[in-house]
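**Student:** can't give you the sequence, but here's the structure:
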């Protein structure tokens, strides 16, 4: 079953419990063995596998024992890049004006070069 936003919270917990049970059985562990290795009570593991609410630390302990703790990085990354944030970042980088040169003032116009307003001086 694919976990998605359409599932109720209870359905998500039930699916997580089924998945944990499958991982336990693939390792050929009893509930008592996994609970003992994880440092939690067998009743807590049973509640977890039935999809009932348990403390977060119990889930972390079971995931660590099953070698699945790193899966939380995929499920809950440190940060996510939203497409709109990236677009806004790119738009901020677009140059809106030129910067002054740090090499000094602009060079003086060459002698005899055309300047604004000179076209009227010769015709007057």
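**Tutor:** Perfect, thanks for sending it. Note that the structure is predicted; figures quoted are calculated from it, not measured. Numbering: from 1, shown residues only.
**Student:** can you list the weak-confidence ranges in this structure?
**Tutor:** Residues of the chain meeting the criterion pLDDT under 70: 4, 93-96, 104-115, 118-124.
**Student:** Can you give the contact residues for whichever helix or strand residue 25 is part of?
**Tutor:** Per DSSP states H and E, residue 25 falls inside helix 9-26. The contact list for helix 9-26 (Cβ atoms under 8 Å, 6 or more residues apart in numbering) reads 1, 3, 7, 31, 34, 48-53, 62, 66, 68. Backbone N, C-alpha and C define where each C-beta goes, glycine included.
**Student:** Show the buried residues in these.
**Tutor:** Those of these that meet the buried threshold are 31, 34, 48, 49, 51, 62, 66, by 16 or more other Cβ atoms under 10 Å.
**Student:** Tell me the secondary structure at the fifth one.
**Tutor:** When the structure is reduced to helix, strand and coil (DSSP: H, G, I helix; E, B strand; the rest coil), residue 51 reads as coil.
**Student:** any idea how far residue 10 is from it?
**Tutor:** Relative to residue 10, residue 51 is positioned 7 Å away (Cβ to Cβ, to the nearest Å).
**Student:** Report the separation between the two terminal residues of stretch 33-49.
**Tutor:** With Cα to Cα, to the nearest Å as the measure, stretch 33-49 spans 14 Å from end to end.
**Student:** gap between it and the chain center?
**Tutor:** Put simply, stretch 33-49 sits 31 Å off its chain's centre (Cα atoms, centre = their mean, to the nearest Å).
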